[in-house]
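Trainee: quick check, what structure comes out for this input:
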Amino acid sequence: MAAVVWLEEVGKDDVSVVGGKGASLGEMINVGAPVPGGFAVTAQAYRDFINRSGIADDIFEALKVDVNDSAALNGAAERAKRLVLEAKVPEDIEKDIKSRYREMCKREGKEVFVAVRSSATAEDLPDASFAGQQETFLNMMGEDQVFEAVRKCWASLYGARAIFYRVDRGFEHEKVNISVTVQKMVNSEKSGVMFSSHPSTGEPEVIIEAAWGLGESVVSGSVSPDNYVVDRTNKKIQNKFVASKEIMIFRDEKTGETVTENTPPDLREKLVLSDEEILELADQADALERHYGIPQDIEWAYEKGKMYILQSRPITTISKGGKDEEEKAMGSGKVVLTGLAASPGVATGEVKIVTGSGDLDKIKEGDILVTVMTEPDMVPAMKRAGAIVTDEGGLTCHAAIVSRELGFPAVVGTKQGTKVLSDGMMITVDGGKGKVYEGRLKRAKSAESAGPAVSFAYKPITATEIKVNVSMPEAAEQAAATLADGVGLLRIEHMILGLGKTPRYYINAGREEEYIDELVGGVRAVAEAFYPKPVWVRTLDAPTDEFRGMEGGEDEPHEHNPMLGWRGIRRDLTDTDHFRLEMKAFKKLHEMGLTNVGIMLPLVQHVSEFRKAKALMVEAGLNLEDIDVGIMVETPGAALTIEDFIEDGIDFISFGTNDLTQYTLAVDRNNENVAELYSELHPAVLTLIEYVIERCNQAGVKTSICGQAGSYPEMAKRLVEIGITSISANIDAVATVRETVARAEKIIMLRALREE
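Mentor: Numbers count the residues shown, from 1 in each chain. You can find the predicted model right below:
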């Protein structure tokens, strides 16, 4: 086989020659799919290069490390990549690559921009997907630039993430080669991805995601795309969701470089695809699935009105449980309410209106809990519910957080749920769309079996640690299954609120040890599930109105604005009886050997509070040399005086962006009337975050984020660029955030290499 072949010369049986990507492109060209032309540098050319240059043995020797040791893994990756990038490529191989590019330009009648994409020979197999683990270089022009991009693709075969995945899946490094495809670049006006069948259930629905510009914005998760659903059986569009597409990626016509800019206002809320284009894409998806005989994950683009297919690979995430594993509302039927899509999933059940704690007993397994706004003392009833609907609240309200963690649907901020709905009504809640339907929709899943449907194919290696937020010990196993690097936030107040009695009740009744044991048991379940990974436990942060309705809460003060009142560290430092009980619980946990447990103090606004808290810890018998103690940065006061905390010996900080945003912008985060003003990406919030991270990095203090914003891909990407140590996301968002971080880190490294 020649070192370089035209794509039309290969097909699906040539994976060993041109990898999964190249074989798929060649196959599609030969069956008439609208695929841009190009060529492939064969896997044999790569193997010939490392053998003839004498680096093969050195590469494979360098890879003999424990991949679970991050330092060793990253060191091996750097050594192997350096060997590839510094070795001399045989003259005949270099000549073949450059001459084929020149011939490609002759075909087009001009020098062309190309996409240079890696294609590993074990990539995109039916039961494993290595897609995205090797590099892609867009808008390359000129034979020298194309050749260098090919070399970098070869080197990317030895990225840390790729090394780990091969070992984890049992692929021998020596038997995995890499081909590189060089394809005419489509300068798309609109692009995206589509699944020929539902990626979770395998149902015959074409799911299309679309955005303006190049498809990198959709693939990377940096933009929220439009979403369209087409029923393949009747060729009808079932649903169209228009997203607010804040950014777009495109090729700058003057420089030829790939750039990212804000989407023009007239395009942000505009449908990307016409009905004709949606159906044209659906037909192509159907044709490709029929040809390959297996559901496909397809990248597409439109340039000057013409559709192009850029890639097609098998979908590897379809549940073996079939269509009953997870179902999706069709969008048909009468919509009786709309609100904020707070927690994904679809559930059908009987409405139970809850107006206070006296109504909680009427919630049975699978009922739909409908209330003005959930309170923490409702958690036991929420655990029995199949879905939640509230009148008030935003995406960071109590109902939203608990629902996402427990894995059932929630629609919040409907404004009139308790008025429109009534006890006994049968409804279907679609938490992914923010809609409530009358009755039981066709193919809607019953609430009794609703639950988390999160799957994790693999764990990309990232320098930025990806942690997980946990509210309740019951979620420990599910949280650990995300393969997170630890727990960035374990909320202690949710354990307390689940007891139904306030800490003061236990203290007054002389039952302190019973209370301590409750805390120890809850934290222990999470700490053991993650040991030896760190688990940062936030001390009590419950506003007075949350305790008032509980047994023992009769003397809780009435405050005009509890969110700005007696909560967090300010309660701990005045109700020191309770704080001492918390510290005794931490001491017991460390004596049990759970030294991975750290203490995180909430709502701190002055370093004097940190000092007083540490003094109480020492009084309780804690050795501060053996336990990490940090603060939540939730107030501008803490952010702007972070140097004082660093000087006082802080071990870590974690941004609570939910509160930091509302206190910086003067926006109640649970008020749906001003929800559009609440943005963690506001320049003022980002400036505070950047200020803190820069100073903590200089002092060697660990930084993290545990607010809702950490689960947003666009925020995660920005935090990586700023230099945060770790990101703690909600359970359902860990996989997405990890992918976003991995991509962001690669982009940063690539920019650094280009600047050298």
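
Trainee: the bottom helix or strand of this structure by mean pLDDT?
Mentor: helix 216-220 (a mean of 64; mean pLDDT, DSSP states H and E).

Trainee: what's the following helix or strand after it?
Mentor: Downstream of helix 216-220, the next assigned helix or strand under DSSP states H and E is strand 226-231.

Trainee: just checking: what are the partner strands of that following strand?
Mentor: Using DSSP bridges, the strands paired with strand 226-231 in its sheet are strand 205-212 (antiparallel), strand 236-241 (antiparallel).

Trainee: low pLDDT regions in the stretch 151-300 of the chain?
Mentor: Counting by pLDDT under 70, the stretch 151-300 of the chain has low-confidence residues at 161, 165, 168-169, 199-202, 217-224.

Trainee: ok, now which ones touch the nearest residue to residue 8 once chain neighbours are set aside?
Mentor: Leaving aside its sequence neighbours, residue 8 sits nearest to residue 29 (Cβ to Cβ, 6 or more residues apart in numbering; 5.0 Å). For glycine as for every other residue, the C-beta is placed from the backbone atoms N, C-alpha and C. Contacts were defined as Cβ atoms under 8 Å, 6 or more residues apart in numbering; by that measure residue 29 touches 7, 8, 35, 37.

Trainee: so what's the nearest residue to the last one once chain neighbours are set aside bridging to?
Mentor: Nearest-residue entry for residue 37: residue 184, 5.7 Å, with adjacent residues in sequence omitted and distances by Cβ to Cβ, 6+ apart. For residue 184, the beta-bridge partners under DSSP bridges are residue 114.

Trainee: leaving out chain neighbours, which residue sits closest to residue 94?
Mentor: Closest residue in space to residue 94, ignoring its immediate chain neighbours: residue 147 at 6.2 Å, by Cβ to Cβ, 6+ apart.

Trainee: go on, residue 522?
Mentor: residue 495 (4.1 Å).

Trainee: then residue 33?
Mentor: Nearest-residue entry for residue 33: residue 309, 5.1 Å, with adjacent residues in sequence omitted and distances by Cβ to Cβ, 6+ apart.

Trainee: confirm the one you found sits in a strand?
Mentor: Yes - secondary structure of residue 309 (DSSP: H, G, I helix; E, B strand; the rest coil): part of a strand.

Trainee: burial of it, as a residue count?
Mentor: Around residue 309 there are 25 other residues, counting by other Cβ atoms under 10 Å.

Trainee: my guess is it contacts residue 24. True?
Mentor: No - the criterion here is Cβ atoms under 8 Å, and residue 309 misses it with residue 24 at 9.7 Å.

Trainee: ok, back up a step: for the residue nearest to residue 94, what are its contacts?
Mentor: With Cβ under 8 Å, 6+ apart, residue 147 has these contacts: 94, 97, 98, 101.

Trainee: please pick the buried ones from the residues you listed.
Mentor: Neighbour-count burial within the contacts of residue 147 applies to 94, 97, 98, 101; the criterion is 16 or more other Cβ atoms under 10 Å.

Trainee: in this structure the third one contacts residue 148, no?
Mentor: So the one you mean is residue 98. No - between residue 98 and residue 148 there is no contact, the gap being 10.8 Å when judged by Cβ under 8 Å.

Trainee: that's a helix at residue 608, yeah?
Mentor: Yes - note on residue 608: a helix contains this position according to three-state DSSP.

Trainee: burial measure for it, as a count.
Mentor: Close neighbours of residue 608, defined as other Cβ under 10 Å, add up to 12.

Trainee: for it, give its distance to residue 574.
Mentor: Here residue 608 is placed at a distance of 14 Å from residue 574 (Cβ to Cβ, to the nearest Å).
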